[in-house]
Each structure stands twice: as structure tokens, then as C-alpha cells.
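K.L.:
Pasting the sequence and the predicted coordinates here, then a few questions.
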Amino acid sequence: MDTLNCMRIFVRVAEEGGFTAAAHRLDITTAFASRAVASLETHLQARLLNRSTRRVALTEAGERYLRRCEQILAYIDQAEAEAGDAQALPSGRLRVHATTSFGQAYVVPAVMQYQKRYPSVAVELTLSQHVPDLLDEGYDVTLQLSSAELPDSALVSQTLGWVHSVLCASPDYLNERGTPHSVAELVDHECLQLITPVFPRDRWHLEGPDGAETFELSPSTFQVNVADALAGALREGAGIGSLPMSSAVPALRSGSLLRVLPDYLLQKLTVYAMYASRQYLDAKIRTFVDFLKESIPQALMADEAALRMPDHCSRAA
């Protein structure tokens, strides 16, 4: 018989002073209660109860075992209650991963707002270009950007929205080198490369008024794997580069960069929130993903609107 269940029956028999009363309280038969205690005694090789026709009494070994059983069962009840609360009340540590630029622009503000709503959750956010193994590395949620559908896996994914990139350059660079007005004219410019797992190393895929176009990139004098670092090089007048919205919008708003070929978008990516399982989902994970589904699309739409502002476009030189 199940040892834990037998322990519960033994404690109830000791509290009630007999098998019949204990069986009535537990909604089991008296015979089942008697077999449960006998099973414990066989397992322990010790007599726990002295029995008579009218009552039972604890042996010395039974008294010691009863105290331990009460402690063990109290810990188990507490653990079950805490585990149950994890399904209902967001609390504890939440480990989140996101790509660097996207995380800085969108995830950090979302985390700050989430913690105002759920102050009992401590968020540990890791930003990197590395795509983590969610289970092996112990993350609760990861936000990933992908240009294609995600491969089949045991992970659950929620679509949060879409981002794309735009071509940018500094006003000084455009004044000195001129402003390209077609994809073909990019060949006359220094085109800087952003090297990440989701961006091609040797070409730009552009969507414009005439549909899809591809521009083959020549070897660049500067390559970098973080979008904000590329934005810094562009502000220094190093050339033209493809920046994701998260890095482009602040620079366009400040005027430190201007948009090049404003009718074109590059590298549309889907934003996914990924986590391990829908079953028995911890409340902090469930509420965080739900919050991301509220906040991230709003932030993305705001930046989409900012990109359409005419003041952000390049002026002919």
C-alpha cells in the first residue's frame, strides 16, 4: 500500500482512538484502515498500536513514529499548498531571455510595468544574441525573433507581433556622399553589415513599391553583431546600415540618423514568446506572457507609426 496514505490513516487512527471512528472520518472501510496500519507495521518491523476490542493505544515506538508522521505530513501539506499557489498567485523568481536590442527597447519597459502589477515576482532578465536552450539553461520565458516559422518542438510559442528594419545614415554622411534614390544606387555607398543569427551576412532583402528586391552586399569595412553598436557607427558617418526598429526609432527621433529609401522595409521578423509547457503553468509565467501580449504589440505599433513620420526621411543632397 502507499506509504504516505498509510501514514495519514495511522495518524487519524491515533487521533480518533480507534479504527472505526478514523475510517468514518476518512470515508474508508474499517478493514481498509486496519490493513493500512498493519502494512506500516510490516514495513517498519515495529508494532505501532496495541489493539483491544474497544480501543487502540500507541506503543512507545508508535508515539515516536506518530510525531514524525505529523511533522512529515505538515511539510507535505505546506509544499502542496505552495505549489498550488504557484498556479494562482504570481511570485518568486522569473528568468527571462531576450535578444539584446529588442530586449533593451521593448522587454525592459514591459518588465518594469509588469513588476508594478505583480511586485512579488523578481525578474532576472538576460540579454544576448545567443539563442538559449530553454530547458537546459533554466529560462522560464525567452523572446525570439525569426524570419521563418519556428521548427516543431515541445516548447509553446505565442506570437507577439512583427518587427522590420530600415536603412539609415547620418545627415553628415548623406551630405558628403549623396542620397541614394533606388536600391541600385546603394552600390556607390559604404554599406555596413549587422551580423546576427536572423540577418543574412551578405545581402539585404528589401520590400518596396515594386515588390521584393535583393541587394548583394560587398565586404564591409565594419561589421558588428549588436544593432545599437551599428547605430553608433552610423551616427559617426561610417555609411548606410540596416537597423531594426528598436534601434532606428530613437536615432530618427533625435535627428542623429535619417532614413534612407523610406519606401523600403527590410527583414520582417516575427516576435515570439516561448516557454516550456501549457500544463500546470506557473502563475508568474502565465501572467508575464499575458502581459507581453498586451504591451509588446502596442509598443511595436507606436514605433511603426514613428517610422512613417516624414521628418525622419533623408533629404536629397
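P.N.:
That came through fine.
K.L.:
can you tell me which residues contact residue 234?
P.N.:
168, 169, 170, 173, 192, 240, 241, 243, 251, 257 (CB atoms under 8 Å, 6 or more residues apart in numbering). C-beta coordinates here come from the backbone N, C-alpha and C atoms, glycine included.
K.L.:
Against which helices or strands is the worst-scoring helix or strand of the chain on mean pLDDT packed?
P.N.:
When the helices and strands of the chain are scored by mean pLDDT, DSSP states H and E, helix 60-88 comes last with a mean of 79. On a contact count with 3 or more CB pairs under 8 Å, 6 or more residues apart in numbering; DSSP states H and E, helix 60-88 meets helix 3-16, helix 283-307.
K.L.:
Distance to residue 143 and mean pLDDT for these - can I get that in CSV?
P.N.:
What follows is the helices and strands packed on helix 60-88, written out as CSV (distance: least, CB to CB, whole Å; pLDDT from 0 to 100):
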stretch, distance to residue 143, mean pLDDT
helix 3-16, 41, 90
helix 283-307, 8, 92
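K.L.:
which one of the ones you listed lies closest to residue 44?
P.N.:
helix 3-16 (9.8 Å; CB to CB).
K.L.:
Would you mind listing the buried residues in the closest one?
P.N.:
Residues of helix 3-16 classed as buried by neighbour count (16 or more other CB atoms under 10 Å): 6, 7, 8, 9, 10, 11, 12, 13, 14, 16.
K.L.:
next one: stretch 38-57
P.N.:
39, 40, 41, 48, 49, 56.
K.L.:
Now do the host helix or strand of residue 35 against helix 60-88, angle only.
P.N.:
Assigned by DSSP states H and E, residue 35 belongs to helix 30-44. Relative orientation of helix 30-44 versus helix 60-88 (axes from the mean of the first three to the mean of the last three CA atoms, to 10 degrees): 100 degrees.
K.L.:
elements contacting helix 30-44?
P.N.:
Judged by 3+ CB pairs under 8 Å, 6+ apart, helix 30-44 is in contact with helix 3-16, helix 19-26.
K.L.:
Let me have those in TSV, adding distance to residue 95 as columns.
P.N.:
Formatted as TSV, the helices and strands packed on helix 30-44 follow (distance: least, CB to CB, whole Å):
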stretch	distance to residue 95
helix 3-16	32
helix 19-26	41
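K.L.:
Please name whichever of those helices is nearest to residue 283.
P.N.:
Short answer: helix 3-16, nearest of the helices and strands packed on helix 30-44 by CB to CB, at 26.3 Å.
K.L.:
orientation of the closest one relative to helix 19-26 in degrees?
P.N.:
If you take the same axes, to 10 degrees, helix 3-16 sits at 120 degrees to helix 19-26.
K.L.:
Would you mind pulling the contact partners of helix 3-16?
P.N.:
For helix 3-16, the surrounding residues in contact (CB under 8 Å, 6+ apart) are 19, 22, 25-26, 28, 32-33, 36-37, 39-40, 43, 48-49, 56, 58, 62, 65-66, 69-70, 72-73, 76.
K.L.:
Among those, the buried ones, what's the ChimeraX command?
P.N.:
Buried subset of the contacts of helix 3-16, written as a ChimeraX selection, criterion 16+ other CB under 10 Å:
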select :19,22,26,28,33,36,37,39,40,48,49,56,58,62,65,66,69
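K.L.:
Could you report the neighbour count for residue 130?
P.N.:
Residue 130 has 12 neighbouring residues, counting by other CB atoms under 10 Å.
K.L.:
Thank you kindly, that will do.
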